[in-house]
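S.K.: next input, structure requested:
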Amino acid sequence: MTRPLNRDRSLEELEDDRWPAPSGDATRLVATAHALRRKPIGELTVEDMRLLIRQNEGLPHLLPLALEVLRLDPMAEGDMYEGDLLSAMLTRSPEIWSKSPELGRELRLIVSDLSDLTPNLKREVERFLAL
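M.R.: Numbering: from 1, shown residues only. Okay, the predicted model is just below:
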């Protein structure tokens, strides 16, 4: 059973891990990830979650939130393309899903009903289902 999420707290607070400010020459990705770690998780957008999940940040807290979104709209879109949040989820390492089997089962249920996927997303679904 998963624990209830405290959506009013940031990843920094939930993980008790405050990162120092990024250096002045940090990339936009690094600066954005730093800023998103300070934002309450309940305020994260689909794009925010996509970006952090792709960077393997805050997964114990973000995977359940992302699944809530995908339950309602499996092809939820951040700033990249339709289904980019799903793609971020599907491409996490197998170890992530072995640590959270209930989340993996839920993702399997979501993708098992999908059709008319792009070739790339179809490959990602097939790879995930083969785990």
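
S.K.: when you work out contacts or count neighbours from here on, use the C-alpha atoms and nothing else.
M.R.: Fine.

S.K.: nearest residue to Glu12 other than its sequence neighbours?
M.R.: Arg18 (5.1 Å; CA to CA, 6 or more residues apart in numbering).

S.K.: any idea whether that neighbour is helix, strand or coil?
M.R.: coil (DSSP: H, G, I helix; E, B strand; the rest coil).

S.K.: swap in the one 5 residues further on?
M.R.: Using three-state DSSP as the criterion, the local structure at Ser23 reads coil.

S.K.: so where's this structure shaky on pLDDT?
M.R.: Applying pLDDT under 70 to the chain flags the ranges 1-3.

S.K.: in it, what residue sits furthest out from the centroid?
M.R.: Most distant from the centre of the chain: Gly24, at 27.0 Å, with distances by CA atoms, centre = their mean.

S.K.: phi, psi for Met75 please.
M.R.: Main-chain dihedrals, Met75, degrees, to the nearest 10: phi -100, psi 30.

S.K.: typo on my end, it should be Leu44
M.R.: Torsion angles, degrees, to the nearest 10, at Leu44: phi -70, psi 140.

S.K.: sticking with the residue nearest to it when sequence neighbours are not counted, tell me its helix or strand.
M.R.: Among residues not flanking Leu44 along the chain, Leu36 sits closest, at 7.7 Å (CA to CA, 6+ apart). Assigning secondary structure by DSSP states H and E places Leu36 in helix 28-37.

S.K.: residues near Ser10, how many?
M.R.: 21 (other CA atoms under 10 Å).

S.K.: for the longest helix along the chain, list the C-alpha coordinates in CSV.
M.R.: Secondary structure of the chain per DSSP state H: the longest helix is helix 59-72. C-alpha atoms of helix 59-72 as CSV (Å, rounded to 0.1, in the frame of the first residue of the first chain):
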residue,chain,number,x,y,z
LEU,A,59,10.5,9.2,-8.2
PRO,A,60,8.9,7.8,-5.0
HIS,A,61,6.8,11.0,-4.8
LEU,A,62,6.3,11.7,-8.5
LEU,A,63,5.4,8.3,-10.0
PRO,A,64,2.1,8.1,-8.0
LEU,A,65,1.2,11.7,-9.1
ALA,A,66,2.0,10.9,-12.7
LEU,A,67,-0.1,7.8,-12.6
GLU,A,68,-3.0,9.9,-11.3
VAL,A,69,-2.7,12.0,-14.5
LEU,A,70,-2.2,9.0,-16.8
ARG,A,71,-5.3,7.3,-15.4
LEU,A,72,-7.4,10.2,-16.6
